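Engineer: quick one: sequence plus predicted model below, questions after.
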Amino acid sequence: MQGRLSEPASDKIQEFPWKSWKEEFQQAASIDLHLLEWTLDLQGLYQNPFMTPAGHKEIKMLSMQHNIAVESVTLDCFLESPLHRSHPETLAMSEIKDLVAVAENARNLGVSIGVLPLVAESGRDDRETLRGLFSKLAAVQDTCVELNFQLALECEFDTETIHWISQEIRELRHVGFNFDTGNSASLGNNPIEELSIYGDKLFNVHIKDRKLKGKTVPLGQGNADFEAISLGLKELNYNGNMILQAARQERGQERDTISSYLRFCESFGWR
């Protein structure tokens, strides 16, 4: 996940690293990491290199120079300002044209997956608000399909709700799921059951660990059952992206932290 190879600029775990995003390409290559998920925040959204022609040139150059693929983007901008309702604290709400703009720029970069967070930080959803979101996503289906841009819903819900969502989006060709191993563990979901619901609609995986009903912790120190997760992914024959979104540790030791997490992943054949 972009930003995890840089020291945090604020108290946020995750944000776009404005000062060091270019250096992260070299840092990733130095530890034999060749896949990066971009991060789009609400602040400075349209100034982010992902959203500008000049930025596209730099991203493509750095990707080629360091052999780093950028195939997905996490849409934290819509966590801070949802597409389908106002944020409960800031009252911010985005327009569907913002999503279309992201998809258009993604096509120029060859990015085919946008991870759309439906998590507690953006306020709780119920079935009525989620239907509102799915209606908006349906309205841009043709555009997203034409741009080869898929939306992976990052769902912080129990398996009953996830199953309901899977039925609601079954006709949306451009909408599927992200499986966040930490969110699932925090909720106490059975990972094999959850993965079976996603099926061939699983577009993207975030690797992290969380305590039951708790915060993100280093890999292997929480409630994520990585053996079961590995089995569930094998049963799906999943061969898509797996993005490290694990907990930060000692400040200034970001590269060592990611290196240790890579070794953890390699023990499950995830490389």
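Structural biologist: Nice, I can see it.

Engineer: only C-alpha atoms for contact and neighbour calcs from this point on.
Structural biologist: Will do.

Engineer: run the chain-centre distance for stretch 242-253.
Structural biologist: 15 Å (Cα atoms, centre = their mean, to the nearest Å).

Engineer: ah, wrong one, I meant stretch 56-69
Structural biologist: Distance, centroid of stretch 56-69 to centroid of chain: 20 Å (Cα atoms, centre = their mean).

Engineer: likewise stretch 110-130?
Structural biologist: That offset, for stretch 110-130, works out to 10 Å (Cα atoms, centre = their mean).

Engineer: that one spans what distance, first to last residue?
Structural biologist: 29 Å (Cα to Cα, to the nearest Å).

Engineer: residues touching that stretch, excluding its own?
Structural biologist: 70-76, 78-82, 84-85, 87-88, 106, 148-156, 178, 203-204 (Cα atoms under 8 Å, 6 or more residues apart in numbering).

Engineer: now the strands: where do they sit in the stretch 51-200 of the chain?
Structural biologist: 69-74, 113-118, 150-155, 175-180 (DSSP state E, counting those that start in this stretch).

Engineer: need the ones you listed in JSON lines with mean neighbour count, distance to residue 234 and mean pLDDT, can you?
Structural biologist: Output for these, formatted as JSON lines (neighbours: other Cα atoms under 10 Å; distance: least, Cα to Cα, whole Å; pLDDT from 0 to 100):
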{"stretch": "strand 69-74", "mean neighbour count": "22", "distance to residue 234": "22", "mean pLDDT": "98"}
{"stretch": "strand 113-118", "mean neighbour count": "24", "distance to residue 234": "21", "mean pLDDT": "97"}
{"stretch": "strand 150-155", "mean neighbour count": "23", "distance to residue 234": "20", "mean pLDDT": "97"}
{"stretch": "strand 175-180", "mean neighbour count": "25", "distance to residue 234": "14", "mean pLDDT": "98"}
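
Engineer: mind putting those strands in JSON lines, distance to residue 271 included?
Structural biologist: As requested, the strands of the stretch 51-200 of the chain are exported to JSON lines (distance: least, Cα to Cα, whole Å):
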{"stretch": "strand 69-74", "distance to residue 271": "14"}
{"stretch": "strand 113-118", "distance to residue 271": "19"}
{"stretch": "strand 150-155", "distance to residue 271": "21"}
{"stretch": "strand 175-180", "distance to residue 271": "17"}
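
Engineer: where does the stretch 151-271 of the chain have low pLDDT?
Structural biologist: Along the stretch 151-271 of the chain, the model assigns pLDDT under 70 to no residue.

Engineer: so what's residue 74 closest to, chain neighbours aside?
Structural biologist: Distance criterion Cα to Cα, 6 or more residues apart in numbering; nearest residue to residue 74, sequence neighbours excluded, is residue 115 at 4.6 Å.

Engineer: the one you found bridge partners, please.
Structural biologist: On the basis of DSSP bridges, residue 115 is bridged to residue 74, residue 152.

Engineer: what number of residues lie near the closest residue to residue 163 other than its chain neighbours?
Structural biologist: Spatial nearest neighbour of residue 163, chain neighbours left out: residue 197 (6.1 Å); criterion: Cα to Cα, 6+ apart. Using other Cα atoms under 10 Å, residue 197 is surrounded by 20 other residues.
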